[in-house]
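Student: give the three-dimensional model of this entry:
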Amino acid sequence: MSQLPIVILTRFNIRVHFKCPPKEGTTIPETPWSDPTWMDERIRLFETYTLPSVAGQTEPHEWIVLFHKDTPEGYKQRIAGWKAKTPAMTVMYLDNEECERHLQIINQYLRDRYREAGKVITLRIDSDDVIHAGYLDRLQKAAEKVTDVPAIISFPHGFTFDEETKKIRWYTYEQNHFLAMINEAADERNCILNYAHSTIKQRGIPIIKDQEPDIVTWIEVVSRVNYINVFRTGSAEWKFPYRMKKEYPQLGLRYNPVSWALMCRRNRAETSTGNKAK
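Tutor: Here you go, the predicted structure:
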């Protein structure tokens with residue numbers, strides 16, 4: 001299979017996608033796009049974690065980021081600055097009615113733009129997620145092995161990171177929200193956003209797991225204002241490649257080799273007695 005177009009999808013502040021019950025102590029404003037406290041913190045997370053990790057990708061891609069049309073002008077100027085420095089970014093502003101049907105809008109956009117390419121790879125990245133600098137390159141290589149579509153590519157091993165305590169945990173979850181889907185661009189439901197990641201296996205779409213060892217492919221950040229993310233326990237794995245400090249500078253990891261090894265051993269003891277993520 002020749003190289004396929006890759007499209008990253010991020011819903012930043014459109015109210016419609018906050019469907020899951022929030023974690024304890026977390027609330028979402030009725031109009032988050034116009035709430036300065038909420039927006040300032042989400043922008044901080046985005047600029048600290050997500051923006052540099054996606055902007056640093058070397059594999060060609062398009063990054064569609066969805067915003068509410070009523071986002072105040074001061075924030076729109078900030079967003080324009082992101083766009084200017086990130087050529088792959090496509091900014092879409094949606095009104096209330098368009099937010100409600102944003103899936104149909106994205107599906108149609110992909111059909112119009114990528115129909116001639118035949119197939120397209122789509123993946124969702126939330127506005128506080130982190131991906132490895134080689135994520136899209138690894139995804140493209142995995143896609144070359146796929147013959148039948150639709151198909152899901154899963155990198156099941158990642159990390160959950162608490163930015164306040166600087167704790168990190170190995171997190172294994174096949175149906176994580178970093179899944180990518182390969183599908184015909186002309187398909188009616190051609191993008192990953194059409195499916196809830198936690199139930200996608202029940203849809204009958206094959207999931208192809210890529211389990212290359214010692215690669216920290218993605219990181220789920222846990223912060224005070226995360227709507228759903230909580231610090232998770234995972235499998236009894238304990239390896240944390242020391243190069244993570246260099247590959248993920250935005251995490252601010254400060255461990256030396258000795259304390260890093262001790263942390264890994266402690267993590268193994270703690271997670272081996274915890275519950276696996278569902």
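
Student: what's the burial count for Lys83?
Tutor: Summarising burial for Lys83: neighbours were counted as other CB atoms under 10 Å, giving 14. The C-beta positions use only the backbone N, C-alpha and C, and glycine is treated the same way.

Student: for Glu174, same thing?
Tutor: The tally of other residues near Glu174 (other CB under 10 Å) stands at 16.

Student: mind listing the strands for the stretch 151-278 of the chain?
Tutor: If you assign secondary structure with DSSP state E, counting those that start in this stretch, the strands in the stretch 151-278 of the chain sit at 151-154, 157-162, 167-172, 180-184, 207-209, 218-222.

Student: residues touching the first one, excluding its own?
Tutor: Outside strand 151-154, the residues that touch it by CB atoms under 8 Å, 6 or more residues apart in numbering are 121, 139, 142-143, 146, 174-176, 179-183, 192, 200, 205-210.

Student: any idea how far Leu110 is from Leu179?
Tutor: The span separating Leu179 from Leu110 equals 17 Å under the rule CB to CB, to the nearest Å.

Student: can you pick out the residue with more neighbours from these two?
Tutor: Set side by side, Leu179 and Leu110 show more neighbours around Leu110, with 24 against 21, by other CB under 10 Å.

Student: quick check: pLDDT value at that one.
Tutor: Per-residue confidence for Leu110 comes out at a pLDDT of 97.

Student: you'd agree it is up against Asn190?
Tutor: Yes - using CB atoms under 8 Å, Leu110 is in contact with Asn190, at 5.1 Å.

Student: which neighbours do those two share?
Tutor: Taking CB under 8 Å, 6+ apart as the contact rule, the neighbours common to Leu110 and Asn190 are 120, 122.

Student: if we can go back for a sec, for ChimeraX, write the selection for the buried entries among the contacts of strand 151-154.
Tutor: What follows is the ChimeraX syntax for the buried subset of the contacts of strand 151-154, where burial is set by 16 or more other CB atoms under 10 Å:
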select :121,139,142,143,146,174,175,176,179,180,181,182,183,192,200,205,210
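
Student: tell me, how many neighbours does Arg78 end up with?
Tutor: Close neighbours of Arg78, defined as other CB under 10 Å, add up to 15.

Student: which SSE is the residue lying closest to it once chain neighbours are set aside in?
Tutor: The shortest distance from Arg78 to any residue other than its chain neighbours is 6.6 Å, reached at Ile43 (CB to CB, 6 or more residues apart in numbering). Using DSSP states H and E, the element containing Ile43 is helix 36-45.

Student: elements contacting that helix?
Tutor: helix 73-85 (3 or more CB pairs under 8 Å, 6 or more residues apart in numbering; DSSP states H and E).

Student: contacts for the helix it packs on, please.
Tutor: Judged by CB under 8 Å, 6+ apart, the contacts made with helix 73-85 from elsewhere in the structure are 33, 39, 43, 51, 55, 65, 67, 71, 89, 91.

Student: redo that, cut-off 7 Å
Tutor: Outside helix 73-85, the residues that touch it by CB atoms under 7 Å, 6 or more residues apart in numbering are 39, 43, 51, 67, 89, 91.

Student: go ahead and flag the most central residue of this structure.
Tutor: Ile125 (2.4 Å; CA atoms, centre = their mean).

Student: mind telling me what element Phe122 is part of?
Tutor: If you look again at residue 122, you'll see it is Thr, not Phe. In this structure, Thr122 is located in strand 119-124 according to DSSP H and E.

Student: state the next helix or strand along the chain beyond that strand.
Tutor: Using DSSP H and E, the helix or strand that follows strand 119-124 towards the C-terminus is strand 129-131.

Student: tally of neighbours for the residue nearest to Arg78?
Tutor: By other CB under 10 Å, the burial measure for Ile43, its neighbour count, is 18.

Student: show me what Ile182 is bridged to.
Tutor: Beta-bridge pairing of Ile182, defined through DSSP bridges, involves Ile121, Ala151.

Student: wait, what's in contact with Arg203?
Tutor: So Arg203 contacts Tyr195 (CB under 7 Å, 6+ apart).

Student: confidence score at it?
Tutor: Predicted confidence (pLDDT) at Arg203: the value is 73.

Student: how about the one 5 residues further on?
Tutor: At Ile208, the pLDDT value in this model is 91.

Student: give me the beta-bridge partners of it?
Tutor: Residues in beta-bridge contact with Ile208 (DSSP bridges): Ile153.
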